[in-house]
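Chemist: A structural model of the following input is requested.
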Amino acid sequence: MQPGELLAQPTIYFAGLSYLGEAKHAKANYPVVTSINVSPGKGQAAPLDKAFRTMLEQTAGLPYKIAAGEKGDYESGPAIAMTLAIERETVSVDKFPDYYKLVAEISAQILFFDFQSMRLIASIPLDIARNDVVSVYDDLALAKETNVKALYQPDNSDINLFTIARDRILESHLPEEDALRFKVDTLSFGDKAAPLLPPSLAVNPLSQTFGQYFTAQLAQNARLNMVPYTKGYAIGNKMSGRMSNGDVYQLALPEPDYVFDLTVTNFKVMKKTNKNLYAARVLLNAREATDTDLLINDYFHYAVPMLVSKNQSSETDWPGYEDALEMLLLDIAHQLKAPEKKWFDTHTQQKRKTYQTFTAWSEQFNEM
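Modeler: Numbering: from 1, shown residues only. Okay, the predicted model is just below:
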């Protein structure tokens, strides 16, 4: 495939939904979508595959033509295939005296790949969440399943994964072969932050969750061409998954030109009578992938207020810490695109120096 071919409006063969990670763990890792997206019979498309393909075919203004992908189409010549790959399906639960607060979340990647070489061409990370409040007397397991299912309903008037995926495709274009690529290489929790995580949350899955979240923010808000965050479902430079029809695939990932390394160094809380202030602090480094010299190197912090009352206090501080960390990563992505001096005076340790670094970064990469 020649570089110029990616700039034309190609036909993209839609291969359906898929599930990242080892095929044998797909049902355990993604219990809701694998129970919904089941083919009604041999040779028939699974319902979510069919609904998403129909949605794309009926959408005007797509940068490429969408066609149903059959194996013969891929093997007959050069072909670009696309899959909507689910990479996380979770529900977090915070217990209050009279109710549970649920946050159902799905992370996914729209993967474009060369079928003959099984090489990843581009990816669009997606992240979607749905909040709900459930009485302590209600069926908690049913409420968790119901909230995740709602995110997979293409005709749901509320927010859902497929309309978000369609909208991101509308605003995206396949990159040129020689386009610069960026990657969140590591995301970890430091010695002070890790002990403050709730016992129910393991460090490695949480690192994966926030690595995926930061990747999505950098792609959407900093407009960087991101290589997927692969910790947890990739070995070496290969990403594996299972199509909804049972076919297993393994994609070769491109090497990044620039990488980010992020360490969550600490969380803090200041508790008052009616309002708590929760803060997250991170160390962010950025460099060329083949160089040790740091282009970005500073501590960033962000605090969020949360109103509290006798019957509205979570049993742990994690919901506040989580909100602060998410807002911080979101803001960092925005600042990489359009730095604001006042923000750096408030949220960074080196203030003016880091503002100048981000300004130079945005001037170099915004016109790519």
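Chemist: Please count neighbours and contacts with C-alpha atoms only from this point.
Modeler: Will do.
Chemist: Partner strands of the helix or strand encompassing T263, with direction?
Modeler: Using DSSP states H and E, the element containing T263 is strand 258-271. Note on strand 258-271: by DSSP bridges, its sheet partners are strand 182-189 (parallel), strand 275-288 (antiparallel).
Chemist: pLDDT averaged over the first one, what's the number?
Modeler: Right, strand 182-189. Mean pLDDT, taken over the full extent of strand 182-189, equals 96.
Chemist: Just the residues contacting it, thanks.
Modeler: By CA atoms under 8 Å, 6 or more residues apart in numbering, the list of residues contacting strand 182-189 from outside reads 203, 207-208, 210-211, 214-215, 224-229, 256-265.
Chemist: For the stretch 1-150 of the chain, which residues score under the pLDDT cut-off?
Modeler: 1-9, 68-78 (pLDDT under 70).
Chemist: now the helices for it?
Modeler: Using DSSP state H, counting those that start in this stretch, the helices of the stretch 1-150 of the chain run over 26-29, 31-36, 47-57, 71-75, 140-151.
Chemist: same question, the stretch 151-300 of the chain
Modeler: 161-170, 203-220.
Chemist: quick one, the first one and helix 203-220 angle?
Modeler: Between the axes of helix 161-170 and helix 203-220, defined by axes from the mean of the first three to the mean of the last three CA atoms, to 10 degrees, the angle is 40 degrees.
Chemist: helix or strand right after the host helix or strand of A303?
Modeler: Using DSSP H and E, A303 falls within strand 294-307. The C-terminal neighbour of strand 294-307 among helices and strands, as given by DSSP H and E, is helix 318-337.
Chemist: Could you work out which of the helices of the stretch 151-300 of the chain reaches nearest to I296?
Modeler: Nearest of the helices of the stretch 151-300 of the chain to I296, taken as CA to CA: helix 203-220 at 14.7 Å.
Chemist: Just the buried positions in that closest one, please.
Modeler: 203, 207-220 (16 or more other CA atoms under 10 Å).
Chemist: again, but for stretch 334-349
Modeler: Result for stretch 334-349 [16+ other CA under 10 Å]: buried residues H334, Q335, L336, K337, A338, P339, K341, F344, H347, T348.
Chemist: okay if I get these as TSV plus distance to P125 and pLDDT?
Modeler: Shown next, in TSV, are the buried residues of stretch 334-349 (distance: CA to CA, whole Å; pLDDT from 0 to 100):
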residue	distance to P125	pLDDT
H334	16	97
Q335	19	97
L336	18	97
K337	18	95
A338	21	96
P339	23	97
K341	29	97
F344	27	98
H347	26	98
T348	27	98
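Chemist: Same list (those residues) but as CSV, adding distance to D323.
Modeler: Formatted as CSV, the buried residues of stretch 334-349 follow (distance: CA to CA, whole Å):
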residue, distance to D323
H334, 17
Q335, 18
L336, 20
K337, 22
A338, 22
P339, 22
K341, 23
F344, 20
H347, 15
T348, 18
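Chemist: P319: which of those is nearest?
Modeler: Closest to P319, out of all of those and judged by CA to CA, is H347, at 20.5 Å.
Chemist: doesn't A303 make contact with that closest one?
Modeler: No. With contact defined as CA atoms under 8 Å, H347 and A303 do not form a contacting pair (9.1 Å).
Chemist: Could you list the low-pLDDT ranges of the stretch 151-300 of the chain?
Modeler: Low-confidence segments of the stretch 151-300 of the chain, defined by pLDDT under 70: 156-158, 232-236.
Chemist: OK, contacts around the closest residue to L325 other than its chain neighbours?
Modeler: Excluding the flanking residues, the one nearest L325 by CA to CA, 6 or more residues apart in numbering is A280, at 5.3 Å. By CA under 8 Å, 6+ apart, A280 lies in contact with V264, T265, N266, F267, K268, H301, Y302, A303, Y321, A324, L325, L328.
Chemist: make it 6 Å
Modeler: Residues near A280 by CA atoms under 6 Å, 6 or more residues apart in numbering: F267, H301, Y302, A324, L325.
Chemist: What are the buried residues along stretch 249-258?
Modeler: Neighbour-count burial for stretch 249-258 [16+ other CA under 10 Å]: Y249, Q250, L251, A252, L253, P256, D257, Y258.
Chemist: surely the fifth one meets L120?
Modeler: It stands for L253. Yes. Contact criterion CA atoms under 6 Å: L253 and L120 qualify, at 5.5 Å.
Chemist: What is the burial count for H25?
Modeler: By other CA atoms under 10 Å, the residues close to H25 number 14.
Chemist: Please disregard the earlier target; I meant I124.
Modeler: Neighbours around I124, by other CA under 10 Å: 24.
Chemist: Make sure it is actually in contact with A108.
Modeler: No. The pair I124 and A108 does not pass the contact test of CA under 6 Å, sitting 8.4 Å apart.
Chemist: Give me the neighbour count for P154.
Modeler: So P154, with other CA under 10 Å, has 18 neighbours.
Chemist: Now do the contacts for it.
Modeler: Contact analysis of P154 by CA under 6 Å, 6+ apart lists F162.
Chemist: From L48, how far off is it?
Modeler: Separation of P154 from L48 (CA to CA, to the nearest Å): 8 Å.
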